[in-house]
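Peer 1: any chance you can model this:
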Amino acid sequence: MLKKRRWLLPAIIIPVLAICYFMFSGKAADSSITAKVRKGNFRDVVNSSGELQAENTVYISAPADLQANQIYDEIKIQDMVAEGSHVKEGDYIATLDPTLVNKRISDGQLSFEKSSSTVTQTALDTALTLREARDQMTNLQFQMEQKKLALELSKYEPPATIRQAEIDLEKAQRDLVQMKDNYKIKQQQAATKMIQAHREADEFSRQIGRLEELKSRFVIKAPKNGLLVYISDWASGGKKKTGSVVRSWDPRVAMLPDLSTMLSKVYINEVDISKIHQAQKVTMGLDAFPEVKMEGVVKTVANIGETRPGATAKVFEVNIKLNKVDSILKPGMTTSNNILISELPGKLIIPLEAVFANGKTSYVYLRKSGNISKQQVRLGKSNDEEVIVEKGLAEGDVVYLSEPASAKDMKITTLK
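Peer 2: Numbers count the residues shown, from 1 in each chain. Model prediction:
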């Protein structure tokens, strides 16, 4: 019983003392989260999420001459091998729907048959026209012989009769010469009509041949060895796959990225883009593998801003090249990128959550010797998480990350 009483007494006294301490110790009684002022290297960074892509990519496309063959509509992808497949040069990739090309071929065949009929009809018409012209020349030749004979017989007739016979012969001769000239013109006209008819038929024949050759390229093969990756389809918001469409102005179907060198493509807002320059160091993480950390450098910075879907402000494309490539990296993976703008050694640093403001005056809640005070601070550069304290705090000081209720109405201790 004595031992139990010895243990019971401290068990009662200690909680009572703790309650009294928190009730009567004033400002120190606060359970808010705190942080220590640390001294170290301050890293001024710009954070942005991005997406992995190969630095060099070969795009697999539908035939580039769709418009040249007067095909302007969308063409559906009938079939495509699965994304992530390893393909070799010449391997099957996809098949495009040939419906539009088949219709163009069918229309061309009808036009060719019509033009072939025109060639035949033109040949018949020409033969008939030239035969009629030859008959007329024969008749005129016969008439001229008659007029010549009449002139010879009229030598014993009066002069007026002889003159009339001469006139008749001259007219017959002129008619024959004119008819021969007309015959040559009709021959030239007939030849031109035949050439035009043949040319039109030949053009339809060539057009059908081009369309047949185009149709043969609707079965798409791999241009090189690589890993097949689907590309984004802006219209659907997803990726191009079986059932998607390709367009004459964007015939890309898929891509074969070169995974030996990779980039993280990010978009930086117009406020921060002036800080970003080529060759800046970047620390990168993968959303899918949080434990993986990578290093890279800024390779390119866009000079012209753009508006991304769902955004109102302009952003600028920045490409970050990875120093090393790991086998787990795949195009399309989401990255978190910390672009190092500058690094300042030997600075006092606190979390941004520890800083409060009253107008233009910045202050912190400082805990010292069990008491809390509102301490004005002069701040330097900051990033998304931390800020430099130029004056007002010392290394090892403890500051609150949230406003202690007991110190809310205190006066600010200003800097001297």
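Peer 1: give the pairing partners of the longest strand seen in the chain; include direction for each.
Peer 2: Across the chain, the longest stretch assigned as strand under DSSP state E is strand 38-61. Sheet pairing for strand 38-61, assigned by DSSP bridges, gives strand 252-269 (antiparallel), strand 334-351 (antiparallel).
Peer 1: now the next helix or strand after the first one and strand 38-61, what's the angle there?
Peer 2: Per DSSP states H and E, strand 252-269 leads on to strand 281-286 as the next helix or strand towards the C-terminus. Orientation check (axes from the mean of the first three to the mean of the last three Cα atoms, to 10 degrees): strand 281-286 against strand 38-61 gives 70 degrees.
Peer 1: partner strands of strand 281-286, with direction?
Peer 2: Within its sheet, strand 281-286 is paired with strand 293-301 (antiparallel), strand 334-351 (antiparallel), according to DSSP bridges.
Peer 1: any chance of those strands in JSON lines, plus mean pLDDT, distance to M255 and mean neighbour count?
Peer 2: No exception for glycine: its C-beta is placed from N, CA and C like everyone else's. What follows is the strands paired with strand 281-286, written out as JSON lines (pLDDT from 0 to 100; distance: least, Cβ to Cβ, whole Å; neighbours: other Cβ atoms under 10 Å):
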{"stretch": "strand 293-301", "mean pLDDT": "96", "distance to M255": "19", "mean neighbour count": "16"}
{"stretch": "strand 334-351", "mean pLDDT": "94", "distance to M255": "18", "mean neighbour count": "17"}
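Peer 1: of the ones you listed, which is nearest P98?
Peer 2: Evaluated with Cβ to Cβ, the strands paired with strand 281-286 place strand 334-351 nearest to P98, the distance being 37.9 Å.
Peer 1: ok, V297 - contacts?
Peer 2: Neighbour list for V297: 278-282, 320-321, 323 [criterion: Cβ atoms under 8 Å, 6 or more residues apart in numbering].
Peer 1: not counting sequence-adjacent ones, nearest residue to F204?
Peer 2: Nearest-residue entry for F204: F112, 3.8 Å, with adjacent residues in sequence omitted and distances by Cβ to Cβ, 6 or more residues apart in numbering.
Peer 1: if I look at that neighbour, how far off is A201?
Peer 2: F112 is 6 Å from A201, where distance means Cβ to Cβ, to the nearest Å.
Peer 1: how about T335?
Peer 2: As it turns out, when the distance is counted by Cβ to Cβ, T335 lies 60 Å from A201.
Peer 1: G380 too?
Peer 2: Following Cβ to Cβ, the distance that separates G380 from A201 is 83 Å.
Peer 1: neighbour count: those two, which is higher?
Peer 2: More neighbours sit around A201 than around the other of G380 and A201, counting by other Cβ atoms under 10 Å; the figures are 20 against 15.
Peer 1: low-confidence ranges in the chain?
Peer 2: Across the chain, residues meeting the criterion (pLDDT under 70) sit at 1-31.
Peer 1: tell me the residue furthest from the middle of it?
Peer 2: For the chain, the residue at maximal distance from the C-alpha centroid (Cα atoms, centre = their mean) is Y156, at 101.6 Å.
Peer 1: OK, contacts around it?
Peer 2: Going by Cβ under 8 Å, 6+ apart, the list of residues near Y156 is empty.
Peer 1: give the contact list for R378.
Peer 2: For R378, the contacting residues are 362, 389-392, 415, by Cβ under 8 Å, 6+ apart.
Peer 1: would you turn these into TSV with secondary structure and neighbour count?
Peer 2: Below are the contacts of R378 laid out as TSV (DSSP: H, G, I helix; E, B strand; the rest coil; neighbours: other Cβ atoms under 10 Å):
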residue	secondary structure	neighbour count
S362	strand	18
V389	strand	25
E390	strand	14
K391	strand	12
G392	coil	21
L415	coil	13
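Peer 1: so what's V45 closest to, chain neighbours aside?
Peer 2: The spatially closest residue to V45, leaving aside those adjacent along the chain, is N338, at 4.5 Å (Cβ to Cβ, 6+ apart).
Peer 1: quick one: the one you found from M294, how far?
Peer 2: Distance from N338 to M294, counting by Cβ to Cβ: 11 Å.
Peer 1: then A62?
Peer 2: When Cβ to Cβ is the yardstick, A62 and M294 sit 35 Å from each other.
Peer 1: go on, T335?
Peer 2: Between T335 and M294 the computed distance is 8 Å (Cβ to Cβ).
Peer 1: and what of N383?
Peer 2: Shown here: N383 relative to M294, a distance of 20 Å by Cβ to Cβ.
Peer 1: surely N56 touches D258?
Peer 2: Yes - contact criterion Cβ atoms under 8 Å: N56 and D258 qualify, at 4.3 Å.
Peer 1: and after the lengthiest helix in the chain, which helix or strand comes next?
Peer 2: Across the chain, the longest stretch assigned as helix under DSSP state H is helix 159-216. Sequence order places strand 219-221 as the next helix or strand after helix 159-216, per DSSP H and E.
Peer 1: which residues touch that following strand?
Peer 2: Everything outside strand 219-221 that qualifies as a contact, by Cβ under 8 Å, 6+ apart, is 60-62, 90-96, 253.
Peer 1: PyMOL command for the buried members of the residues you listed?
Peer 2: The PyMOL selection below is limited to those of the contacts of strand 219-221 classed as buried (16 or more other Cβ atoms under 10 Å):
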select buried, resi 60+62+93+94+96+253
